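Student: starting from these lines, generate the structure:
(one chain, ligands or ions: 2)
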Amino acid sequence: MAIPLIIDTDPGVDDAFAIALAARSPEVKLVGLTTVFGNVGLEHTTRNAQRLLAHLGRTDVPVVKGAEGPGGASDVHGEDGLGGQAHTLPESDKGLHGEDVTKFFADNLTPDTVVAAIGPLTNIAAALDGGITFPRLIVMGGGLGIGNMTLRAEFNFWADPEAAQVVIRKGNPIIVPLNLTQRCIADTEFLANVDPVLSNLTGTYREYLARHSEQNFSEREEGILVHDAVAVAEAIVPGTLKTRTHLLDIDDEGALVEGKYQVEVAEDTDWPALMSFMAQRLSG
Ligand code: RIB
Ligand code: CA
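Tutor: Ligands and ions are numbered 1, 2, ... in the order given. Have a look, this model is predicted:
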């Protein structure tokens, strides 16, 4: 029986790989995409979600437009959120789902539904405050002692720290943090062998990573960090990520700090094996 999966997303290049991985994995039934501002503004993230599903032949999957907010990572993902290549994806002939996100969750969550939140947590927090309970919530975000927006805060939590606080305090999330995902570089060989339409989205991101890694690391990294696909892989094959229990909270900057909320944190995975799994699912 396929696992029902809803992805809350701000596509976003690594979101695109995560969505494609889910769409091409029979282990999950993609119930819907709920969109949120993040990498770029909501209009772009929503249209990108529609276009990605059209490209994947999955316009059967509803797209539910969620919370607006300021785009904040166009330097990584391009002004359109997909490396300036969103126009290379087909327009969708499917309109948006008419309900709001909380109503969509209320109408579609079942006891075995997994929700993967791979953007700022505004929609998820609103649903929790609206009385929604998530049976299994996997969140890409946060960093233990590290960040990619500040020294301590990761983008998804930094973009809406109040929402992140609601989610860690009420949502019982499995957190997939930067500590793990920044080790998951989809390299040039991987990108050369996946769907060329997806690979074509990665130019801006690759240039950013190469430039950024030269500044921060001893060697130049070539490829992209597939943060979101790592989190979604856990929804597809439970147990892909090795987790440990922590007592944490989130401060007003969006940084993960020691606290009183018990959460599972993904600490390790067999990245070569996971990259091979993704390459097989996303082959051109
Ligand atoms: O910090 C990485 C996260 O921020 C990923 O979800 C990426 O898509 C961006 O949204
Ligand atoms: Ca994202």
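Student: mind listing what the most centrally placed residue in the chain touches?
Tutor: By Cα atoms, centre = their mean, the chain has its centre lying nearest to Ile118, at 2.5 Å. By Cβ atoms under 8 Å, 6 or more residues apart in numbering, the contact set of Ile118 is 7-10, 12, 14-15, 18, 139-140, 156, 227-228, 231-232. No exception for glycine: its C-beta is placed from N, CA and C like everyone else's.
Student: how far away from the center of its chain is the helix or strand of the chain with the lowest mean pLDDT?
Tutor: In the chain, no helix or strand scores lower on mean pLDDT, DSSP states H and E than helix 203-216, which sits at a mean of 85. Centre-to-centre, helix 203-216 and its host chain are 20 Å apart (Cα atoms, centre = their mean, to the nearest Å).
Student: and that helix, anywhere near ligand 1?
Tutor: No. With Cβ under 6 Å from any ligand atom as the criterion, ligand 1 is not reached by helix 203-216; the gap is at least 9.6 Å.
Student: could you dump stretch 271-278 to CSV, C-alpha only?
Tutor: This file holds the C-alpha atoms of stretch 271-278, laid out as CSV (Å, rounded to 0.1, in the frame of the first residue of the first chain):
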residue,chain,number,x,y,z
TRP,A,271,24.8,9.3,1.0
PRO,A,272,26.4,7.3,-1.8
ALA,A,273,23.6,4.7,-1.6
LEU,A,274,20.9,7.4,-1.4
MET,A,275,22.4,9.4,-4.3
SER,A,276,22.4,6.2,-6.4
PHE,A,277,18.8,5.6,-5.4
MET,A,278,17.9,9.1,-6.5
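Student: in it, which residues are buried?
Tutor: 271, 274-275, 277-278 (16 or more other Cβ atoms under 10 Å).
Student: cool, stretch 129-142 as well?
Tutor: Within stretch 129-142, the residues scored as buried using 16+ other Cβ under 10 Å are 132, 134, 136-142.
Student: those in strands, which ones?
Tutor: 136-140 (DSSP state E).
Student: contacting residues for the residue lying closest to Asp195 once chain neighbours are set aside?
Tutor: When the adjacent residues along the chain are set aside, Asp195 lies closest to Gly284, with 4.9 Å between them (Cβ to Cβ, 6 or more residues apart in numbering). Shown in contact with Gly284 (Cβ under 8 Å, 6+ apart): 193-196, 199.
Student: can you tell me the helix or strand for Gly32?
Tutor: Assessed by DSSP states H and E, Gly32 sits inside strand 28-35.
Student: so what strands line up beside that strand?
Tutor: Strand pairing for strand 28-35, determined by DSSP bridges: strand 3-9 (parallel), strand 63-65 (parallel).
Student: what about the helix or strand that that strand is followed by and ligand 1, touching?
Tutor: Counting by DSSP H and E, the next helix or strand C-terminal to strand 28-35 is helix 42-55. No. Taking Cβ under 6 Å from any ligand atom as the criterion, helix 42-55 and ligand 1 are apart, separated by no less than 9.4 Å.
Student: what does helix 42-55 contact?
Tutor: Here helix 42-55 makes contact (Cβ under 8 Å, 6+ apart) with 9-12, 15-16, 19-20, 23, 33, 35-40, 59, 61, 63, 65-69, 71, 80-82, 86, 89-94, 96, 119, 197.
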